[in-house]
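Novice: no sequence for this one, just the structure:
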C-alpha cells in the first residue's frame with residue numbers, strides 16, 4: 001500500500017485528508033500518463049456514488065484530466081462494478097470510481113481501475129502519489145485540451161449486461177431491495193423488474209447525506225423487518241457503491257457472503273463448473289463455512305483480508321468464485337470485481353434452479369460463535385512476532401483442534417493487533433482470546 005492509496009483506493013474525509021486538490025492532481029497525472037504512454041488523447045471513464053462530495057470530486061477529476069489533454073467520459077451516479085465493466089468492454093484507458101463504499105456520507109474515496117477493469121497496479125499508483133507530493137512536473141495541454149462526454153449510455157448498457165446474466169425469469173417472485181440510498185438506486189430496481197420480479201425497494205431516496213445511514217448491507221435489520229412484514233421470498237442489501245451484497249431469507253435470517261460462497265460454489269460443483277474444485281475465501285471467513293465445504297468435498301484457498309487479494313488469487317489460479325463474508329463476491333468468468341447486483345442475480349438463479357427457498361440452501365453453513373478483540377500495541381511486528389505470543393497462539397490452536405480456530409493478525413490501518421477465536425461457545429472463545437491478550441500485556445507490548 002502507498003502513502004495515500006490503500007487496498008480500496010484513496011479514502012478519507014472529504015476536504016480534510018482527501019481534498020479537491022488531490023482529485024485535480026490525480027486527474028492531471030492520469031490524463032498526461034496515458035496520453036504519453038499511448039501517444040494519443042487519453043479516454044478515461046468516471047463514475048460516482050450519491051455522496052454530496054462526489055460531485056465536487058467528479059468536477060475536480062475532470063478539470064485535471066482535461067488540463068492534461070484527456071477526454072473524461074462521465075457515467076454519473078453508478079456502481080463500482082459498472083465502471084469496471086464498461087472500462088473493459090468499451091476500451092477505456094482507465095476507469096475512476098468516486099466512492100467510499102460503506103462509509104458514512106462525509107467520507108469519500110477515489111478508486112483507480114486499469115483498462116481491464118481491474119484495480120490499478122502498484123507501480124502506477126506510486127507514480128500518481130509522487131505527482132501528488134510534487135516530485136514530478138508535467139506539462140499542461142494547450143491546443144489539445146480535453147473535454148467531457150456524457151456517457152450515461154454506458155450505465156444503460158451495464159443494466160442490459162446484468163439482465164443478460166440471468167438464466168431465469170423472476171415472475172411470481174417477491175423480492176426486496178435495500179439500495180442504501182447509494183449507487184444501486186438507479187440500477188437495481190430496473191434489473192429486477194425487467195426480469196419480471198415483483199420488486200419492493202427501500203432506502204431509495206438519496207439526498208447526498210443519507211448514503212449508508214441505518215440502511216444497506218451494513219445495517220441490514222431494516223431489510224429483515226421489511227421482508228417479514230411484506231412476506232417476501234428474499235431480500236438483497238447493497239452498500240454505497242454496490243460492490244457487495246448480503247441477503248435476507250424468507251424467514252428474516254441474514255445470509256452472508258460466506259453462505260453465498262457455499263451456495264453458489266456447491267451449485268457450480270454439481271454442474272461441473274467449479275474449476276479446481278475450489279472457492280477462494282479470506283482468513284476472516286467463518287469456521288462454519290470450512291466445515292460445510294469439507295462435507296461436500298469442496299476445497300478452498302485463504303487469502304489476506306480484502307477483495308483485492310481474493311481477485312489476485314483467482315487470476316493466478318483460475319479459480320472461478322471467491323469473496324468475503326461482508327458480501328464482496330467475485331464471479332471471475334463475468335467480472336473483475338465484486339458486484340452486489342450480479343451476486344443477487346446468482347443467488348436467485350440457484351433458488352430457481354433448485355426450487356428451494358434461500359433458508360434451505362443456506363442451512364448447511366452453521367456459523368461458529370466468534371470473539372474478536374482489538375489490542376492497541378506499541379509495535380505490531382514486535383507483538384505479532386514475540387516468541388511467547390506465538391507460543392500462546394499455538395497452545396490455543398492445539399486445544400481447539402478441529403473444533404475451532406484462532407487468528408491473530410495486524411490491522412492494516414491502525415496500531416492494533418486483532419485476536420480472533422471461533423469455537424463451539426462464546427465462553428470458550430472469550431477464554432482463549434483473553435489468554436493470548438494477557439501474554440501480549442505481560443510482555444509489555446500494549447500501549448499505556
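Specialist: Happy to help now that I have it. Because the structure is predicted, anything quoted here is derived from the model rather than measured.
Novice: For residue 406, give me its contacts.
Specialist: Contact partners of residue 406, counting by C-beta atoms under 8 Å, 6 or more residues apart in numbering, are 393, 396, 397, 400, 419, 420, 421, 432, 436. The way it works is simple: take the backbone N, C-alpha and C, and place the C-beta from them, glycine included.
Novice: just residue 376 next, same as before
Specialist: 414, 415, 416, 446, 447.
Novice: Next: residue 244.
Specialist: By C-beta under 8 Å, 6+ apart, the neighbours of residue 244 are 101-102, 217, 238, 257, 324, 326-329, 338, 340, 343.
Novice: Only the buried subset of those, as a PyMOL command please.
Specialist: Of these, the buried ones go into a single PyMOL selection, burial set by 16 or more other C-beta atoms under 10 Å:
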select buried, resi 101+102+217+238+257+324+326+327+328+329+338+340+343
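Novice: Residue 131: which of the contacts of residue 244 is nearest?
Specialist: The shortest approach to residue 131 among these belongs to residue 101, at 24.8 Å (C-beta to C-beta).
Novice: Does the closest one touch residue 8 like I think?
Specialist: Yes. Contact criterion C-beta atoms under 8 Å: residue 101 and residue 8 qualify, at 6.7 Å.
Novice: Overlap in contacts, these two.
Specialist: Common contacts of residue 101 and residue 8, defined by C-beta under 8 Å, 6+ apart, comprise residue 109.
Novice: Show only the entries of the contacts of residue 244 found in helices.
Specialist: Among the contacts of residue 244, DSSP state H puts 257, 340, 343 in helices.
Novice: if we take those, which one ends up nearest to residue 302?
Specialist: Of all the ones in helices among the contacts of residue 244, the one with the least separation from residue 302 (C-beta to C-beta) is residue 257, at 14.1 Å.
Novice: what separates that closest one from residue 310, distance-wise?
Specialist: Per C-beta to C-beta, to the nearest Å, residue 257 is found 10 Å from residue 310.
Novice: Give the residues shared as contacts by those two.
Specialist: 323, 324, 328.
Novice: ok, so of those residues, who is nearest residue 178?
Specialist: Distances from residue 178 to the shared contacts of residue 257 and residue 310, taken by C-beta to C-beta, are shortest for residue 328, at 16.8 Å.
Novice: Quick check on the closest residue to the closest one other than its chain neighbours: phi, psi?
Specialist: Residue nearest to residue 328 in three dimensions, not counting chain neighbours: residue 338, with 3.7 Å by C-beta to C-beta, 6 or more residues apart in numbering. Recorded main-chain torsions at residue 338 are phi -60, psi 140, according to degrees, to the nearest 10.
Novice: in terms of contact, does residue 32 touch residue 65 like I think?
Specialist: No. Using C-beta under 8 Å, residue 32 is not in contact with residue 65, being 9.2 Å away.
Novice: Looking at the two, which is more packed in?
Specialist: A side-by-side neighbour count of residue 32 and residue 65, using other C-beta atoms under 10 Å, places residue 65 first with 32 against 23.
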